[in-house]
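> Any chance you can model this:
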Amino acid sequence: MVKLFITDLDGCITDPFITPDWKAFSKVRQMNLNSHFDDNIPPLTICTGRPMPYAEAMAQILGIRLPFLFESGGGMYDVEKNELTWNPALTKEREQEVIEIKAWAKDQLIDKNPSSIPEFTKFTDIGIINPNSEVIYESRDIAVEYIEANFPHFEVHFTEVSVNIILKKANKGEGIKMIAGHLGYELSEIAYIGDSSGDIPGLKIVKLPFAPSNAAIPVKDVARVMNGKSTDGVLEAYHSIIEYNLNY
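Numbers count the residues shown, from 1 in each chain. Reported below is the predicted structural model:
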């Protein structure tokens, strides 16, 4: 039986730079609230590459009271206890490397592309945002070459509007393992939906992996693809999980 449903944010619950589909969004929120009264509906939580303040705001809107993951798997925030837990891979040595990579990214990827901005308030990884996908893909290629040559403990992920340089041991797969252990769930009791390369480590380890129809091709290769895009895809996945539990 699936006892926890985890969703990515960008490309799933919301789309960057676009007003949310509030009708579908509200339906996802209501299903999460209904989980309090129906054991066949798993509660919802978040695993996102975004920083904690953004994830916290989204959790409040969605009625999420469980801990959630931010910065891919770099940190976990427990809303009820107001407790912040950092991934143990973030050692003092790795913290120093994050500082060094941030300085390099500012010099080589942000200052040379005025339309690019950093994801502020991040602690465990380096995020760069740009609505121009061509700039993102160029930045991604530069980052991959530099990180592979100089920082073996880090890896590069991307979406159409962002580049993220994260700790290998703090990716979404490791984050989902961390929250599963914290809540006392087996990975075989978890479903996850994601749309970009950074979601693949998480999708590969859960019982039910889902992807919205707008997901990247490599993601679709490791997940069950929904007919709906973004929030509609999340809603469709939620219904699929309930059907699975009813027939469990």
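> the helices in the protein, which residues?
22-34, 52-61, 92-105, 133-150, 172-183, 200-203, 217-220, 230-246 (DSSP state H).
> of all those helices, which lies closest to N40?
helix 230-246 (4.3 Å; Cβ to Cβ). From N, CA and C alone the C-beta is placed, and that goes for glycine too.
> quick revisit: if we compare the helices of the chain, which one ends up closest to N82?
Checked against Cβ to Cβ, the stretch from those lying closest is helix 52-61, at 10.5 Å.
> Was I right to think A105 contacts I128?
Yes - under the criterion of Cβ atoms under 8 Å, A105 makes contact with I128 at 6.2 Å.
> For stretch 160-176, measure first residue to last.
23 Å (Cα to Cα, to the nearest Å).
> chain center to that stretch, what's the gap?
8 Å (Cα atoms, centre = their mean, to the nearest Å).
> Quick check: buried residues in that stretch?
Under the neighbour-count criterion of 16 or more other Cβ atoms under 10 Å, stretch 160-176 has 160-167, 169-176 buried.
> Stretch 148-163 now?
Applying 16+ other Cβ under 10 Å to stretch 148-163 flags 151, 154-163 as buried.
> Stretch 207-221 too?
207-212, 214-216, 219.
> now I217: how far from I205?
20 Å (Cβ to Cβ, to the nearest Å).
> In a markdown table: the buried residues of stretch 148-163, plus pLDDT and distance to N32.
Shown next, in a markdown table, are the buried residues of stretch 148-163 (pLDDT from 0 to 100; distance: Cβ to Cβ, whole Å):
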| residue | pLDDT | distance to N32 |
| --- | --- | --- |
| F151 | 98 | 38 |
| F154 | 97 | 33 |
| E155 | 96 | 31 |
| V156 | 96 | 32 |
| H157 | 94 | 26 |
| F158 | 93 | 29 |
| T159 | 92 | 24 |
| E160 | 91 | 27 |
| V161 | 94 | 26 |
| S162 | 95 | 26 |
| V163 | 96 | 30 |
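> got TSV for these, with distance to L33 too?
As requested, the buried residues of stretch 148-163 are exported to TSV (distance: Cβ to Cβ, whole Å):
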residue	distance to L33
F151	42
F154	38
E155	36
V156	37
H157	31
F158	34
T159	29
E160	31
V161	30
S162	30
V163	35
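> of all those, which two lie farthest apart?
F151 and E160 (24.2 Å).
> just for the protein, where's the confidence low?
Of all residues in the chain, none has pLDDT under 70.
> tell me the centre residue of it?
Nearest residue to the geometric centre of the chain (Cα atoms, centre = their mean): T48, 2.4 Å.
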